[in-house]
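**Student:** task: produce atomic coordinates for the following.
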Amino acid sequence: MTRRTALSEIQLPPLDVGESVYYICVRDTQIDMPWVHMGEQSWILFKSYNKLLPLWAQILLIVFLLCCSGLFSGLNLGLMSIDRTELKIIAKTGSEKEQRYAKQIQPVRSSGNYLLCSLLLGNVLVNSVLTILMDDLTTGVIAIISSTLGIVIFGKPNACTIFHDHKESYNYLHGYHYVRLISILSCMNSPPQVKLSHKPCAPGMD
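**Tutor:** Numbering: from 1, shown residues only. This next block holds a predicted model:
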């Protein structure tokens, strides 16, 4: 505390239905005087709000978003590592199961830029919502740190371990099961994706 600041604990009465603001009134208890209203400026008001979701729902949603963040990172690594020429060969000469996987993945993998934009935008969306939920549970700085640590510790390593397998068939398997999810995500992100997907990629990416 400094000479111009103070710390005080107050107990506020419940608000009536439809109200969300507390106004401050003061008086000098040493003399007989009425309460004085301190004004309606935003910096001198107390505002009441309800949390976005119940605590248990927020925790479940945070866990779900961490899984989605890892999923998008893993799909990005797994699908983008599949060579398109090899995918065509597998679709024609592989086993029956590999052919089915490869043919399902081919339409998505054929547009590398579009696929990459879909996964990146989905990952950004999930991480942004995760930070908002963490901010509702904690304060701003703690929310940023905790969401970042959650993504780095629980999301990324597990996903990369699962999807980045030395056996190419694992990437076909994972890609096959999530093609519909990627298609839905592509439709949702179509406006920004069309613009971004026409940007040139770095050498070696397609």
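**Student:** for the nearest residue to L15 once chain neighbours are set aside, the count of nearby residues, please.
**Tutor:** The shortest distance from L15 to any non-neighbouring residue, by CB to CB, 6 or more residues apart in numbering, is to S48 (5.9 Å). Placement of C-beta: from N, CA and C, glycine included. Neighbour count of S48, defined by other CB atoms under 10 Å: 11.
**Student:** what's the spacing between S48 and G39?
**Tutor:** As judged by CB to CB, to the nearest Å, S48 and G39 stand 19 Å apart.
**Student:** now do N123
**Tutor:** 46 Å.
**Student:** neighbour count for these two, which is higher?
**Tutor:** N123 (20 against 10).
**Student:** where does the more buried one land on pLDDT?
**Tutor:** What the model reports for N123 is a pLDDT of 87.
**Student:** cool, and I59?
**Tutor:** With respect to pLDDT, I59 has a value of 90.
**Student:** that one: what secondary structure?
**Tutor:** Secondary structure for I59, judged by DSSP: H, G, I helix; E, B strand; the rest coil, is helix.
**Student:** and for it, the neighbour number?
**Tutor:** Look at I59: counted by other CB under 10 Å, it has 13 neighbours.
**Student:** same question, T5
**Tutor:** T5 has 6 neighbouring residues, counting by other CB under 10 Å.
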